[in-house]
Structure formats: structure tokens, C-alpha cells
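Chemist: Below are the sequence and a predicted model; questions follow.
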Amino acid sequence: MEISAQEIRARVAADWQGIMDVVRQKVALRSVSAQGITGDHMEQSAQYVARIMREVGVDARVVQSHNPDGTAGAWEVIGSLETNPDAPTVLLYAHHDVQPVPDPNEWDTDPFEVTQVGDRLYGRGTCDDTGGIAIHYGALKALGDDLGVNIKIFFEGEEEMGSASFIPFIEEHHDEFDSDVIIVADSGNWAPDVPSLTTSLRGNATCDVHVKVLEHPVHSGQYGGPVLDANTLAAMLIAKMYDEDGALAIPGVEGGEPIGGLQRDIDETDMRAAAGVVDSYRLAGDGSLASRLWTKPSATVIGFDAHPVDGSFNVISPETTFRVSLRVSPLQDPHAAMNAMVEFFEGNAPFGADVRVTPLDAGMGWAMDPDCEASADASAALEEAFGVAPVNKGEGGSIPFIPQLQKIFPDAQVLVTGPEDPISNAHSPNESVSVSGLEKDVVAEALLLDKLGRN
């Protein structure tokens, strides 16, 4: 028998303090994978997540993964709960590692102690992805003995570090991932009070570009003029990536429109405020703001080797290296985009400078099937929980394991949800999650699991 949204809300509300405690206790564990994925702090984080999953009936355990070279990898949490061998199986995913906090002074609160201010909980990982863990925990607890699907869980311990051991781990535990529906709670909503299904994720391709003009440094007064320094040549090459309107102009790097059509464009004023864009800056690119953020490519220089201003002197820099991170359209093969970048940089060397490109990482993007049954159930559950229809949205970021997982399990229907919203500041100072939004997310997932159990 179908459980009403009203009943689910009542159950979630009755245990809300327990769900909040999960967020507080998990944030306090400081599970920063950048400080070592094999460290004791990461094992303690995994053990905590396994324990709370056992509280809601899942036979959960901690297993250490292995990297492709056989070395020890991340501490992962896997487990299962079987209700009926004939029922659908749903895999619940989140990650228990969090981003580092380089400078706690940039925070208004202690980053590893959850602080509530109004409707928001502040702390590192509150939205990315402790909030996802809390959603899964709360939904399973709300359903209890009324759960009508079989559950498998995977809580990853190195998502923030690139998931190097993900594929070897799946290969070792194939049966524990095989499922009909996969719910990835690592994304977010249009707004705290407006739900979303994430319809797409951009891929990524990263490379290093080395620019050389001299065999050794020389005096800028003696040779400056006919010989341009490597930094200036690199800047010329970087500037050539975009046209005069700020649209990416690398031949062979493709764009695209929002998957499933654009239901609502992103509000420019809100976007500028959330990102802290200076008033004088005109947003680059063309087309809808949503397409520029979700499905069109973007290239960002994320590293540049240059002498610091302090201690600089009059010398022509002979060589330099810059690193480019390309966000790839969800529908383009990232290796094709990488090849296009290599051809572009090496084929446009300013004044014949020696330009060589070293390809680094490449990860495929992902696009949801908007017509699958699970998508319809998820949309209905979100609307019941939030009281308004969901607004589908893409994400400009990348979650490479999703296309990898779908490639291994092509029949699985993948849903990407999560607790973030436009002011969550994931990966940044003052990361937060909406309390009211998180509660509705828990209700929505419980309703979704109930609907999947009746299919």
C-alpha cells in the first residue's frame, strides 16, 4: 500500500533530531581525503557511516579499495538490505570524504563544528556530501519495515580526490553494485524550496601546456623587444582560446543545449551574487546562461608557473607551463576534446615558440534519460515533498564515476539528486545546507523508494 506524503513527513519530523545529529557528528570527523585517503581519519569516517547504516537495517561494512597499481586505496562503505528477491534493487550512493579547509580564517564559523544560522547549517561537508548521507539515512529510517525495494549502498572515500580506485573496486565487488536504479545524492536543487533532478554533468579534460622561447634567461634590457618572455607568449595563447564575446573558440570542442530542454534559465542577478562577480564584469559567452554553465564547454587556467611579483627582476622568462581544465559538453567524448586542445595549442604557437602539450586526466560527462520510469517517479516524489514542480537542471561540474558506472551497468536507471543549492558554497568557505531543503529531500527520497517498490 502506498504511503502518503503526509505520513512520510510525520515520520521524518519525528526523527529529525537524529538526522541532524548525523550531520553534526559526520562533519566533526574531519574526513578530508586530501590529507591521505588511507589515513586513520578516513577509516574512522567510513566506520561511522557503516554504523549509522546498520542502524537502519543495512548490512554495512568497511572495505579498503586498491588502486590500479595494487597499492592500498580508499576506505569504502558497502552493504545491502534485501526485502524481497522479486523487488527492484536500488543502489544508494554518496561520498564520505570532504574537501580541505586551507584557511579557517576565511570562515565565519568553525568549519568542522556544525553551526546553525537561520535555516542553514554551516560546516565543511554539510552539503557535499554529508547531506547526501543524511538523505539516505533519513529515507531508510522513515520507511522502516515499509521499505519495498532491495537496497545496496556505496559510500565512497575518495570522490574529492578523483576516484582513482573506483573501477578496480567495482571489478572486485561487481555483484554488490548490480542494481535496477542508482540514486546518486551528490548534486542539488534549483533553490532550497524548489527541487531538481540533475539532467546532465559536464565531462572534463585537463592538460599542461609548456611554452619555451629561450634556452636560458636573458636580460630584458638587452634582448627585450624582439624576444617576448614565455609568460607573455603563454598569455597570447590563452587569450586565443576565446572569441571577442568570450565564447570558447577551440575547433573540435563541441557545445550543446540543456538536456530535455530548458525549463527555466538561471537568473543572472542571483548567479552574480552567489559567485561574487564584480559589478563591472560582463558575463562571457552567448546563449542561455544555463547552457553556458551546464552544457557548453569552458576552459579555465587553473595553474601558471611564473615568478612571484615579490623578488621579481629584469629578466626574460625563458619558459613556463600553464594548466588548463576544460569542462566538456555532456555529449562529447572527453578524449576527442583533449585531442582538439592539443592540436589547438601546438598549432597556434605565438611567433613560433616551442609549445608542447601534456594530456592529463579525461572524464566522460553524463546525460539523464528523461523518459525512463525512475525519472518520472523521482519527479513526482519531489513535487509531493516540496509542494512545487521540480525544475530540471544541469551541473557544470563533473562526477566521472557516474558514466563509468552506467557503462558497466547499462540497464540501470541513474538519478542524480542531492542537498546543494545555489548558495551552498560547496568546496568553498562557509559551506552550508538548507535545513528545510534537506528535510524535504529526505521526504522526497523516501517517497521515491516507496514508488519504486510499487512498480
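Modeler: Now that the structure is in, tell me what you want to look at. Note that the structure is predicted; figures quoted are calculated from it, not measured.

Chemist: so which strand or helix has V63?
Modeler: strand 59-66 (DSSP states H and E).

Chemist: Could you name the helices and strands sitting against that strand?
Modeler: Judged by 3 or more Cβ pairs under 8 Å, 6 or more residues apart in numbering; DSSP states H and E, the packing partners of strand 59-66 are helix 40-55, strand 72-81, helix 166-172. All C-beta atoms are positioned from the backbone trio N, CA, C, and that covers glycine.

Chemist: Can you list the strands that it pairs with?
Modeler: strand 72-81 (antiparallel) (DSSP bridges).

Chemist: Next, the angle helix 40-55 makes with the partner strand.
Modeler: 0 degrees (axes from the mean of the first three to the mean of the last three Cα atoms, to 10 degrees).

Chemist: Would you mind listing the buried residues in strand 72-81?
Modeler: 73-81 (16 or more other Cβ atoms under 10 Å).

Chemist: Now do the next helix or strand after it: distance to the chain's middle.
Modeler: Heading C-terminal from strand 72-81, the first helix or strand you meet, by DSSP H and E, is strand 89-95. Distance of strand 89-95 from the chain centroid (Cα atoms, centre = their mean, to the nearest Å) equals 16 Å.

Chemist: So which residues make contact with strand 89-95?
Modeler: Outside strand 89-95, the residues that touch it by Cβ atoms under 8 Å, 6 or more residues apart in numbering are 129, 132-133, 135-136, 149-160, 177-186, 412, 449, 452.

Chemist: got the CA coordinates for the strand holding V63 in PDB?
Modeler: What follows is strand 59-66 as a C-alpha-only set of coordinates in PDB (Å, rounded to 0.1, in the frame of the first residue of the first chain):
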ATOM      1  CA  ASP A  59      24.200  -5.000   6.500                       C
ATOM      2  CA  ALA A  60      27.000  -2.500   6.000                       C
ATOM      3  CA  ARG A  61      30.800  -3.000   6.300                       C
ATOM      4  CA  VAL A  62      34.000  -1.100   5.600                       C
ATOM      5  CA  VAL A  63      36.300  -2.400   2.900                       C
ATOM      6  CA  GLN A  64      39.600  -0.900   1.700                       C
ATOM      7  CA  SER A  65      39.900  -0.500  -2.000                       C
ATOM      8  CA  HIS A  66      43.000  -0.900  -4.100                       C
END
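
Chemist: Quick check: buried residues in it?
Modeler: Residues 60, 62-66 are the ones in strand 59-66 that count as buried (16+ other Cβ under 10 Å).

Chemist: Please produce JSON lines containing the residues you listed, extended by distance to L143 and pLDDT.
Modeler: What follows is these, written out as JSON lines (distance: Cβ to Cβ, whole Å; pLDDT from 0 to 100):
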{"residue": "A60", "distance to L143": "17", "pLDDT": "98"}
{"residue": "V62", "distance to L143": "24", "pLDDT": "98"}
{"residue": "V63", "distance to L143": "26", "pLDDT": "97"}
{"residue": "Q64", "distance to L143": "30", "pLDDT": "97"}
{"residue": "S65", "distance to L143": "29", "pLDDT": "95"}
{"residue": "H66", "distance to L143": "34", "pLDDT": "92"}
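
Chemist: Those residues into a markdown table, with extra columns for distance to V117?
Modeler: A markdown table is the format used below for these (distance: Cβ to Cβ, whole Å):
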| residue | distance to V117 |
| --- | --- |
| A60 | 33 |
| V62 | 33 |
| V63 | 37 |
| Q64 | 37 |
| S65 | 37 |
| H66 | 42 |
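
Chemist: wait, which of those is closest to T38?
Modeler: T38 has its nearest neighbour among the buried residues of strand 59-66 in Q64, at 7.4 Å by Cβ to Cβ.

Chemist: circling back: tell me the one among the buried residues of strand 72-81 nearest to Y122.
Modeler: For those, the residue nearest Y122 by Cβ to Cβ is V77; the value is 25.2 Å.

Chemist: Dig out what the residue lying closest to the closest one once chain neighbours are set aside forms beta bridges with.
Modeler: Closest residue to V77 apart from its sequence neighbours, by Cβ to Cβ, 6 or more residues apart in numbering: F155 at 3.9 Å. Taking DSSP bridges as the rule, F155 bridges to V77, A94.

Chemist: Enumerate every residue touching F345.
Modeler: By Cβ under 8 Å, 6+ apart, the contact set of F345 is 207, 209, 237, 355, 357.

Chemist: For it, give its distance to V277.
Modeler: Shown here: F345 relative to V277, a distance of 28 Å by Cβ to Cβ, to the nearest Å.

Chemist: And for A376?
Modeler: 37 Å.

Chemist: Of all the helix elements in the chain, which one is longest?
Modeler: Longest helix in the chain, counting residues (DSSP state H): helix 435-453.

Chemist: So N204: helix, strand or coil?
Modeler: Secondary structure assignment for N204 (DSSP: H, G, I helix; E, B strand; the rest coil): strand.

Chemist: okay, now G276: neighbour count?
Modeler: For G276, the number of neighbouring residues by other Cβ atoms under 10 Å comes to 7.

Chemist: what's it sitting at in phi/psi?
Modeler: Note on G276: its backbone torsions stand at phi 70, psi 40 [degrees, to the nearest 10].

Chemist: Quick one: residues contacting it.
Modeler: G276 neighbours (Cβ under 8 Å, 6+ apart): none.
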